[in-house]
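# Need a 3D model of the following:
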Amino acid sequence: MPQTALPFFPVGVTHITPLLAFRQQDGRITYFNGDMPVFIHDEGDMDSFRMITAQFCVNGNARQADIVRAFGVTKISLKRAVKRYREEGPRGFYRPRQRRGPAVLTPAVMAEAQQRLDEGLATAAVAERLGVKPDTLAKAVRSGRLHSPVKKTLPSP
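Residues are numbered from 1 along each chain as shown. Coordinates of the predicted model:
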């Protein structure tokens, strides 16, 4: 009696390599090694997608070319994911993004600027006095982070 050659895959999968496949069903992506599921994530979860595809490459389960071909991602995005996985591990894909804080308009400068604006100085004069660009201060006023006093208009006779 002939034996079935392993691995055999569930119906409706897309092969990444001869041993690795994935299936998209009900808004979830399931990765298979043979008929055994090895990882599942939501369709829109790009962090998990990048992590698992990078893990496949780092562990030798798939080549980067296989991932690029199967999913249509760019080579550079996969290379970046592999680099992140090697340097930081899976945790690197789920940490909050680092954002820059204010470089020029620090809380102390903002308080000083608001005080000068409340005194009635023009935005350009306040910027010159604090050593910041006038456009930077004007942008803070436009976005509502600072407010300049409303100019009073005299009623017309």
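# And the most centrally placed residue in the chain, how far from residue 47?
With distances taken as CA atoms, centre = their mean, residue 97 lies nearest the centre of the chain, 6.7 Å away. The gap separating residue 97 from residue 47 is 11 Å, by CB to CB, to the nearest Å. All C-beta spots, glycine's among them, are computed from the backbone N, C-alpha and C.
# what's the answer for residue 70, then?
For residue 70 relative to residue 47 (CB to CB), the value is 19 Å.
# Chain neighbours aside, what residue packs nearest to residue 55?
residue 85 (6.2 Å; CB to CB, 6 or more residues apart in numbering).
# The one you found - that's part of a helix, no?
Yes. Under DSSP: H, G, I helix; E, B strand; the rest coil, residue 85 falls within a helix.
# who touches it in this structure?
51, 54-55, 57-58, 92-93 (CB atoms under 8 Å, 6 or more residues apart in numbering).
# change it to 7 Å
Going by CB atoms under 7 Å, 6 or more residues apart in numbering, residue 85 touches 51, 54-55, 58, 92.
# Most neighbours among those, please name it.
Neighbour tally across those (other CB atoms under 10 Å): the maximum, 25 neighbours, falls on residue 54.
# Packing partners of whatever helix or strand that one lives in?
Using DSSP states H and E, residue 54 sits within helix 46-59. When contacts are defined as 3 or more CB pairs under 7 Å, 6 or more residues apart in numbering; DSSP states H and E, helix 46-59 packs onto strand 36-42, helix 64-71, helix 75-88.
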